[in-house]
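Colleague: sequence and predicted structure are below.
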There are 2 protein chains.
Amino acid sequence: MRPITEEKFESILEFLEENKIDVLMITDYENSRNVNLQYLSGHPTDATILINSGGETTLIPWDVLLAEKHSEVDEIINPANFSFNVFLAMKELFENRWKKSSITVGVHSTTSYGLIVKMKAIIPGIRYFEEPIVIQQFFEKLRATKTDFEIKKLIGAAQIGNKTIKDIHDFCVNDPDGTEKDLSFLVRKKLADYGAEDVAFEPLVANSSRAHEIHQHPFASDQKFSLPGLALIDFGAKFQGYCSDITVPISFGKLSDNQNKIRELTIKAYEAAIETIDIDVPLWKIHDTAEQILKKGGFEMPYSLGHGLGLTVHDSPFISRKPTDDYSKKHWKEETIQDGMVFTIEPGVFKQGLGGQRLENDVLIRNGKVEIITKSQPFTVM
Amino acid sequence: MRPITEEKFESILEFLEENKIDVLMITDYENSRNVNLQYLSGHPTDATILINSGGETTLIPWDVLLAEKHSEVDEIINPANFSFNVFLAMKELFENRWKKSSITVGVHSTTSYGLIVKMKAIIPGIRYFEEPIVIQQFFEKLRATKTDFEIKKLIGAAQIGNKTIKDIHDFCVNDPDGTEKDLSFLVRKKLADYGAEDVAFEPLVANSSRAHEIHQHPFASDQKFSLPGLALIDFGAKFQGYCSDITVPISFGKLSDNQNKIRELTIKAYEAAIETIDIDVPLWKIHDTAEQILKKGGFEMPYSLGHGLGLTVHDSPFISRKPTDDYSKKHWKEETIQDGMVFTIEPGVFKQGLGGQRLENDVLIRNGKVEIITKSQPFTVM
């Protein structure tokens, strides 16, 4: 089943008409993933979907059997009939069946440049819609608010994550010699036991010697997790295709004054950001509230305060600063908190030598109210 | 340490000169990964690297501390000095430091189209080298043969995989009620126990009801693995950054005549392909040998026979059919087997209702000889 509603699908056709786009093309391949494929078609992976201005949907999948099982489209084209060459399949469709000698194709920002150049060489009648960012932003807006169908799954993913927090706590208390990798395996196993089909992303497990890194590399190491100082684990469940994302900040042993300051600053920024959230509040203001607190405390925030959750773990909306270059400013529209949004709030403070703390929970806006649907809170093991 | 050798690095500068490219740009970000970043710089992830025609290397990483630890470049630019905007950092570099009012940038095929359009809008003096496929193919050729440093790691990854085959066998024999997910967890755990830092990819575990899918979705299910018929597991280790890739075909119980045919055809295609491999043999011929056998047996091969192994699990060289459209034909050069290549051979036959078989091992070409460095073979559990 495709997650998009009929009403939202209609808005795509209006968008195509307004922008004089004949056909919208979304591609999802290795190294160039685009979850809008799944959102529009129900088909999970490795395919091209075309939506023409009349609303016809055509899928050219790698695996036709998979498409027959999962997709909800008007037509599936078998690439085997075109020597597994998706461009030849499209050429036949545009030129011989749609009888178009010239066609304006709207492609998403994430489409690879190599594909853009190659497709134009094989199908010379193609003209690209010139502003892929406009298409990207349209889909960000479309997917920023979730339907009830999606919210149910997002709450499921959050609850699976919540159960796992207890196991993380027990590991920290009962297994002082356990490594980062041990904790990573435990979390992966528990998420599956509680009903996740997968992790939402590879858990980031960092003891105090690694917790200052933004995204740990490697994700988890063979070092002991419970080194004295500021540690964290960042993990999430994938449940029926939808993601949760939780970071638990943990401190081991007696902290120095500077470490206590990092911990308290993180909590303060988190609480202030949560306090700011309300219907119609601009997203950048929420980011800014946290960032100003961290800056006053003497720290940079090298990433955005939060991101939406959905079919991907980094979904829209994005809770981030205002744009900083003229091009982005030109295309920027102020977005505000709306019913149906589901997103993370995750301020953090990181300092090599002292460790790092990030407090992250998932927030749902429903019936005008702010619900915190995950239950992370800092804890201490002496 | 960067995996590229000095000699290969010099060939990049020759390539830039021949093609009149002022600066080569490789970007690696979420949804648009490019392992050439790591190959050229040692830095593992989330950054842009620039190499100018004079051989100067500049890295703009997301995480500067990570870059200081891993990268081997002439300069690291801190994006915090440019509001975390990589385009503003590049604008400053090109215009104010390099004093270039016009600059030809060579970008890799996998760069996203959105980035291409946005960068040009922010840095109007940019001209793009028009054939990203030429840059892609140059890097494919560069990375198709491995150095001794890389081969050692690839053999390490293969050996870790080999040890795990025994555990897969024991699971199939001793745990008739075990699920696909149980086997997936076991493989992940054993790979780690034997020294892998990670899986090379999420293991594909498919009982006879799912083994006809090309790439299983989901990767592993809650169903019992040992259903009667043709099953398979496709897995690999990541060891010091390098990948192995192994598929073990397994049959449970007494097979039907059609199932026996699938099994025998797979083995026949595999053995014929291996037999064909020799120094200077064109890669397409190896693919074709296997494909013709499968076609005569009445089956399509919906993918390429094999792919290189390296920092990614789908590395160059690609053991695939000749191109099928004019654009690809124009850019195609016949590649042949050379010393230093490491790649998979993995023919398979898949049929809904009967299951699927794929036999996959990793091949190393060293001192003119063909070495099969993984040890998968079909086995039967009655």
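Modeller: It's in.

Colleague: tell me the residues of the stretch 1-150 of chain A that contact chain B?
Modeller: A:30-34, A:44-46, A:62-63, A:65-66, A:70, A:80, A:82-85, A:87-88, A:107-118, A:121-122, A:130-133, A:136 (C-beta under 8 Å from any C-beta of the partner chain). Quick note: C-beta positions are derived from backbone N, CA and C, even for glycine.

Colleague: any of those residues buried? List them.
Modeller: By neighbour count, with 16 or more other C-beta atoms under 10 Å in any protein chain shown, these hold A:32-34, A:44-46, A:62-63, A:66, A:70, A:82, A:84-85, A:87-88, A:107-118, A:121-122, A:131-133, A:136 as buried.

Colleague: give me the subset of the residues you listed that lies in strands.
Modeller: Among those, the ones falling in strands (DSSP state E) are A:Val107.

Colleague: flag the shaky bits of the stretch 201-350 of chain A, pLDDT-wise.
Modeller: Within the stretch 201-350 of chain A, no stretch has pLDDT under 70.

Colleague: what does it put close to chain B?
Modeller: Proximity of the stretch 201-350 of chain A to chain B is confined to A:202, A:212-215, A:217-219, A:300, A:302-303, A:314, A:321, A:324-328 under the rule C-beta under 8 Å from any C-beta.

Colleague: filter these down to the buried ones, ChimeraX style.
Modeller: Buried residues among those (16+ other C-beta under 10 Å), as a ChimeraX selection:
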select /A:202,212,213,214,215,217,218,219,303,314,321,325,327,328
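
Colleague: how many neighbours does A:Lys369 have?
Modeller: Residues near A:Lys369, counting by other C-beta atoms under 10 Å in any protein chain shown, number 10.

Colleague: straight-line length of stretch A:202-211, end to end?
Modeller: End-to-end span of stretch A:202-211 (C-alpha to C-alpha, to the nearest Å): 16 Å.

Colleague: where do the helices sit along chain A?
Modeller: Secondary structure of chain A (DSSP state H): helices at A:6-18, A:36-41, A:64-70, A:86-91, A:113-122, A:132-144, A:148-174, A:180-193, A:257-276, A:283-296, A:326-331.

Colleague: could you check the angle the longest one makes with helix A:180-193?
Modeller: Think helix A:148-174. Interaxial angle of helix A:148-174 relative to helix A:180-193 (axes from the mean of the first three to the mean of the last three C-alpha atoms, to 10 degrees): 140 degrees.

Colleague: mind listing what's buried along helix A:148-174?
Modeller: For helix A:148-174, a neighbour-count test (16+ other C-beta under 10 Å) marks A:150-151, A:153-162, A:164-165, A:167-168, A:171-172 as buried.

Colleague: so which elements touch that helix?
Modeller: Counting contacts by 3 or more C-beta pairs under 8 Å, 6 or more residues apart in numbering or on different chains; DSSP states H and E, helix A:148-174 is packed against helix A:180-193, strand A:229-235, strand A:237-239, strand A:242-243, strand A:246-252, strand A:342-345, strand A:361-366, strand A:379-381.

Colleague: what strands flank the shortest one, and is each parallel or antiparallel?
Modeller: Which is strand A:242-243. strand A:237-239 (antiparallel) (DSSP bridges).

Colleague: so how far is the strand it pairs with off the chain centroid?
Modeller: Relative to its parent chain, strand A:237-239 has a centroid offset of 12 Å by C-alpha atoms, centre = their mean, to the nearest Å.

Colleague: other residues contacting it?
Modeller: For strand A:237-239, the external contacting residues (C-beta atoms under 8 Å, 6 or more residues apart in numbering or on different chains) are A:153, A:156-158, A:160-161, A:164, A:191, A:194-200, A:243-244.

Colleague: how about a cut-off of 10 Å?
Modeller: With contact meaning C-beta atoms under 10 Å, 6 or more residues apart in numbering or on different chains, strand A:237-239 is reached by A:152-164, A:187, A:190-192, A:194-201, A:243-246, A:311-313, B:218.

Colleague: again, but for stretch A:66-73
Modeller: For stretch A:66-73, the external contacting residues (C-beta under 10 Å, 6+ apart) are A:1-2, A:4, A:37-38, A:40-47, A:49-51, A:56-61, A:63-64, A:76-78, B:213-217, B:352.

Colleague: residues of it that come out buried?
Modeller: Buried residues in stretch A:66-73, counting neighbours by 16+ other C-beta under 10 Å, are found at A:Leu66, A:Ala67, A:His70, A:Ser71, A:Val73.

Colleague: pLDDT averaged over that stretch - what is it?
Modeller: For stretch A:66-73, mean pLDDT rounds to 96.

Colleague: quick one, domains of chain A?
Modeller: A:6-143, A:148-381 (automatic domain parsing).

Colleague: for the spatially most central residue of chain A, what are its contacts?
Modeller: Nearest residue to the geometric centre of chain A (C-alpha atoms, centre = their mean): A:His314, 1.4 Å. The contact partners of A:His314, by C-beta under 10 Å, 6+ apart, come to A:Val35, A:Ala200, A:Phe201, A:Cys243, A:Asp245, A:Ser304, A:His307, A:Gly308, A:Thr344, B:Glu30, B:Asn31.

Colleague: could you tell me how many residues sit around the second one?
Modeller: What it means is A:Ala200. 24.

Colleague: contact partners for it?
Modeller: So A:Ala200 contacts A:157, A:160-161, A:191, A:235-239, A:242-246, A:309, A:312-314 (C-beta under 10 Å, 6+ apart).

Colleague: could you export the helices of chain A as JSON lines, including distance to A:Ser226?
Modeller: Listed next are the helices of chain A as JSON lines, based on distance: least, C-beta to C-beta, whole Å:
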{"stretch": "helix A:6-18", "distance to A:Ser226": "47"}
{"stretch": "helix A:36-41", "distance to A:Ser226": "39"}
{"stretch": "helix A:64-70", "distance to A:Ser226": "43"}
{"stretch": "helix A:86-91", "distance to A:Ser226": "51"}
{"stretch": "helix A:113-122", "distance to A:Ser226": "46"}
{"stretch": "helix A:132-144", "distance to A:Ser226": "39"}
{"stretch": "helix A:148-174", "distance to A:Ser226": "6"}
{"stretch": "helix A:180-193", "distance to A:Ser226": "10"}
{"stretch": "helix A:257-276", "distance to A:Ser226": "15"}
{"stretch": "helix A:283-296", "distance to A:Ser226": "27"}
{"stretch": "helix A:326-331", "distance to A:Ser226": "43"}
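
Colleague: these: which one's closest to B:Asp22?
Modeller: Closest to B:Asp22 of the helices of chain A, according to C-beta to C-beta: helix A:113-122, at 17.7 Å.

Colleague: helices and strands around that closest one, which ones?
Modeller: On a contact count with 3 or more C-beta pairs under 10 Å, 6 or more residues apart in numbering or on different chains; DSSP states H and E, helix A:113-122 meets strand A:23-28, helix A:86-91, strand A:103-107, strand A:126-128, helix B:113-122, helix B:132-144, helix B:326-331.

Colleague: of the ones you listed, give the one that comes closest to B:Ile372.
Modeller: For B:Ile372, the closest of the helices and strands packed on helix A:113-122 is helix B:132-144, at 18.8 Å, according to C-beta to C-beta.

Colleague: between strand B:103-107 and that closest one, find me the angle.
Modeller: Helix B:132-144 and strand B:103-107 meet at an angle of 60 degrees, taking the same axes, to 10 degrees as the criterion.

Colleague: I'd like the average pLDDT over helix B:132-144.
Modeller: Mean predicted lDDT for helix B:132-144 stands at 97.

Colleague: what comes up buried for that helix?
Modeller: Neighbour-count burial for helix B:132-144, counted by 16+ other C-beta under 10 Å, picks out B:Pro132, B:Ile133, B:Ile135, B:Gln136, B:Gln137, B:Phe138, B:Phe139, B:Glu140, B:Lys141, B:Leu142, B:Arg143, B:Ala144.
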